[in-house]
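1. Kindly generate the corresponding structure for this input.
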Amino acid sequence: MGFVNGYDKAMTGMLGFQIFDNLFAGYSYDYATNDFGEYHNGSHEIVLKFKFNKSGYQSSRALNSY
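-> Numbers count the residues shown, from 1 in each chain. Down below sits the predicted model:
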């Protein structure tokens, strides 16, 4: 869960859930607080993130080797 306030431009609310080890779902809403806000009612974003494991590939080892 989160909130972002862009200085004189926009406000954003975010919410996400780790449903399974390999599935994440999230939602965010942006609302313009500048003059551009007169032309729209905000925007919605839905995120689905899937993690696929490849046999023989270990990304965590490559990232942690330094």
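2. Low-confidence ranges, this protein, go.
-> 3, 6, 36-37, 54-66 (pLDDT under 70).
3. where exactly do the strands run in it?
-> For the chain, the strands defined by DSSP state E cover 2-6, 10-20, 23-32, 43-50.
4. Show me what the third one pairs with in its sheet, parallel or antiparallel.
-> The sheet places strand 23-32 alongside strand 10-20 (antiparallel), strand 43-50 (antiparallel), with pairing taken from DSSP bridges.
5. follow-up on the earlier one: tell me the most buried of the strands of the chain?
-> Of those, the one with the most neighbours on average (mean count of other Cβ atoms under 10 Å) is strand 23-32, at a mean of 15. All C-beta atoms are positioned from the backbone trio N, CA, C, and that covers glycine.
6. which residues pair with residue 25 across the strands?
-> residue 17, residue 48.
7. That one touches residue 14, doesn't it?
-> No. Here residue 25 lies out of contact with residue 14, judged by Cβ atoms under 8 Å, at a distance of 12.0 Å.
8. Give the residues shared as contacts by the two.
-> Counting by Cβ atoms under 8 Å, 6 or more residues apart in numbering, residue 25 and residue 14 have no shared contacts at all.
9. Just put the strands paired with strand 23-32 in CSV and tack on distance to residue 2.
-> Shown next, in CSV, are the strands paired with strand 23-32 (distance: least, Cβ to Cβ, whole Å):
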stretch, distance to residue 2
strand 10-20, 4
strand 43-50, 13
